[in-house]
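Participant: Turn this into a model:
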Amino acid sequence: MPRESGRKVVATNRKARHDYHIIDTWEAGLVLMGTEVKSLREGHISLGEGFCHFDRGELWLEAVNIPEYSQGSWTNHPSKRKRKLLLHREELIKIEHKVNESGLTVVPVQVYFDNGRAKVEIALARGKKDYDKRQALREAQDKREALREMRARNRR
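Facilitator: Just a heads-up that it's a prediction; the model follows:
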């Protein structure tokens, strides 16, 4: 069987970019069971309410739903179990210090396969206030309207 090459995006957490100011991002490996990998390859995952936390110096991904594999049997995985993230020790220490000192949080942004290995893009983020969210929506709407107006003028 030929090995996969390149990057295949499985899921993106669009809600994270709406609810948080993204400060920094990292690529982390993901410890999965066999049926979880098969379910991911079918594109079944929900990142919406997912978050990361530290436990005894290790980073864990929680509240991410990977549904059971349809062809699995008694070997199927629990769909909402916590999953360990794989990062270098220096990266873990750096992230943990930033989370502890300044009230930031770590959220999953994207899940993808990179050369056949499951990866998670995690982000160090600060929560947005409601007025920040409204401001971002207003800016996006203004930008769309300006583009629409320019397109209409170019047609004439």
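Participant: what packs against the helix or strand harbouring residue 97?
Facilitator: According to DSSP states H and E, residue 97 maps onto helix 89-102. Using 3 or more C-beta pairs under 8 Å, 6 or more residues apart in numbering; DSSP states H and E as the contact test, the elements touching helix 89-102 are strand 51-55, strand 58-62, strand 105-114, strand 117-127. Every residue, glycine included, has its C-beta placed from N, CA and C.
Participant: wait, residue 92 sits on residue 59?
Facilitator: Yes: using C-beta atoms under 8 Å, residue 92 is in contact with residue 59, at 6.0 Å.
Participant: The two: who's more crowded?
Facilitator: The residue with more neighbours, out of residue 92 and residue 59, is residue 59; 21 against 18, by other C-beta atoms under 10 Å.
Participant: what helix or strand does the closest residue to that one other than its chain neighbours sit in?
Facilitator: The shortest distance from residue 59 to any non-neighbouring residue, by C-beta to C-beta, 6 or more residues apart in numbering, is to residue 85 (4.4 Å). Taking DSSP H and E as the criterion, residue 85 maps to strand 83-86.
Participant: and that strand, which residues are buried?
Facilitator: Under the neighbour-count criterion of 16 or more other C-beta atoms under 10 Å, strand 83-86 has 83, 85 buried.
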